[in-house]
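Undergrad: For reference, the sequence and a predicted model appear below.
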Amino acid sequence: MDILRPVILAGFKHRPGVHCGSTALSNALRARGLDLPEHMVFGLGAGLGFFYVTEPSQSPTHTIFGRHLWLEKTACAVLGAGYGDRTEDDAVRAWEGATRALARGIAPILITDLRHLPYAGTRTPFNWHSVVLAGYDPERRIAFLADTEREGVCEVAFDDLERARSSDGPPFGYTGRRWMEVEAPARPRPMAEAVVDALRRQARGMLRDGRGAAGVAGLERFAEELPAWSRRASGEADRSWSFRFAYQVIERRGTGGGLFRVLYSRFLEEAERLVPSLAGSGLSARMKELAGRWTSLAQAFKALSEAPGAGAPPPVAGIAGDIARGERRFFEEVAALLP
């Protein structure tokens with residue numbers, strides 16, 4: 001069996017607590033000797049986001065996401081860590097590229113479609129699921145993956161992993177068999193300095209005008225259009241699935257609850273401890289409050305998905321509007337605190 005190193009594989013063991021999409025980067029950094037808890041990796045990557053996508057030709061026709069796609073790249077920039085983003089259309093060369101990284105002592109992060117990873121047990125496509133290649137057995141044609149909320153490593157047949165890497169499924173289509181190679185920083189940056197950099201990037205990212213698709217602008221458009229979801233759905237099954245998928249994205253799909261806001265509040269607790277100007281700011285408490293509102297919205301979505309023909313009543317749309325206003329105020333204040 002060809003594996004990275006037993007000591008690195010041991011580092012991929014399940015850790016109690018909140019687990020989300022930043023687990024892959026946490027594992028990749030740990031493989032290079034930099035051990036940071038998941039909430040710190042998420043926050044340093046300015047990982048909080050909001051994306052609102054409407055697509056009449058697929059179901060669900062209305063989709064939201066709460067994690068920024070470029071968390072890994074941003075975290076490496078903030079930490080001063082080396083980062084390589086690779087794509088390869090040829091299946092053989094894509095596999096060789098990932099295994100060459102292993103041979104150099106790097107645990108590559110692979111972008112996959114969750115539905116093609118048998119251990120996930122889902123038929124729902126999600127084509128931006130990050131896993132870490134921890135090793136492989138060429139005789140058995142098995143890859144060992146470290147994945148979110150899974151203890152130790154998962155065994156996946158080479159053919160299944162290739163299907164997962166080459167998928168053109170939603171929400172992002174073909175990703176070019178993407179993988180990322182992460183190095184530890186040559187000279188560790190002072191953590192307080194890195195935290196401030198990350199907070200500035202996070203505020204700028206959320207306040208940047210995404211033309212109604214991303215950040216606070218996307219959140220405001222989502223809240224405004226929410227009452228019309230049922231009318232715009234392509235049928236009863238799609239109406240139910242749009243609400244159900246939104247519930248899952250907020251509470252269940254590796255977010256740690258509250259659309260990643262619980263996880264981000266833990267980063268803010270560390271930020272308040274590390275950065276004197278943030279002490280007493282109450283940022284972490286306010287983010288926990290926002291996370292609670294997201295959870296309330298998720299539970300309303302779950303109920304709507306189980307009620308035939310139901311649309312979002314004014315109180316549900318009101319929760320979404322409160323969240324949008326709260327997040328705009330929050331990030332505007334962070335931007336003012338750290339100009």
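TA: Here it is on my side, so go on.

Undergrad: Residue 46 touches residue 195, doesn't it?
TA: No. Look at residue 46 against residue 195 with Cβ atoms under 8 Å: they stay out of range, at 10.9 Å. In short, each C-beta sits where N, CA and C put it, glycine included.

Undergrad: Flag every buried residue along the one helix or strand residue 290 maps to.
TA: Taking DSSP states H and E as the criterion, residue 290 maps to helix 283-305. For helix 283-305, a neighbour-count test (16 or more other Cβ atoms under 10 Å) marks 283-284, 286-288, 290-291, 293-298, 300-302, 304-305 as buried.

Undergrad: And for stretch 129-147?
TA: Applying 16+ other Cβ under 10 Å to stretch 129-147 flags 129-136, 142-147 as buried.

Undergrad: Which elements pack onto the longest strand along the chain?
TA: In the chain, with assignment by DSSP state E, the single longest strand is strand 129-137. Secondary-structure packing of strand 129-137 (3 or more Cβ pairs under 8 Å, 6 or more residues apart in numbering; DSSP states H and E): strand 2-3, helix 6-10, helix 23-31, helix 91-103, strand 109-112, strand 142-146.

Undergrad: Give the partner strands of it in its sheet and their orientations.
TA: Neighbouring strands of strand 129-137 in its sheet, by DSSP bridges, are strand 2-3 (antiparallel), strand 109-112 (antiparallel), strand 142-146 (antiparallel).

Undergrad: quick one, which of these is nearest to residue 178?
TA: Of all these, the one in closest proximity to residue 178, counting by Cβ to Cβ, is strand 109-112 (4.2 Å).

Undergrad: Which residue ranges of the stretch 51-200 of the chain form helices?
TA: Residue ranges of the helices in the stretch 51-200 of the chain, as given by DSSP state H, counting those that start in this stretch, are 71-79, 91-103, 158-166, 191-207.

Undergrad: Can you check what angle separates the longest one from helix 283-305?
TA: Here helix 191-207 points in a direction 40 degrees away from that of helix 283-305 (axes from the mean of the first three to the mean of the last three Cα atoms, to 10 degrees).
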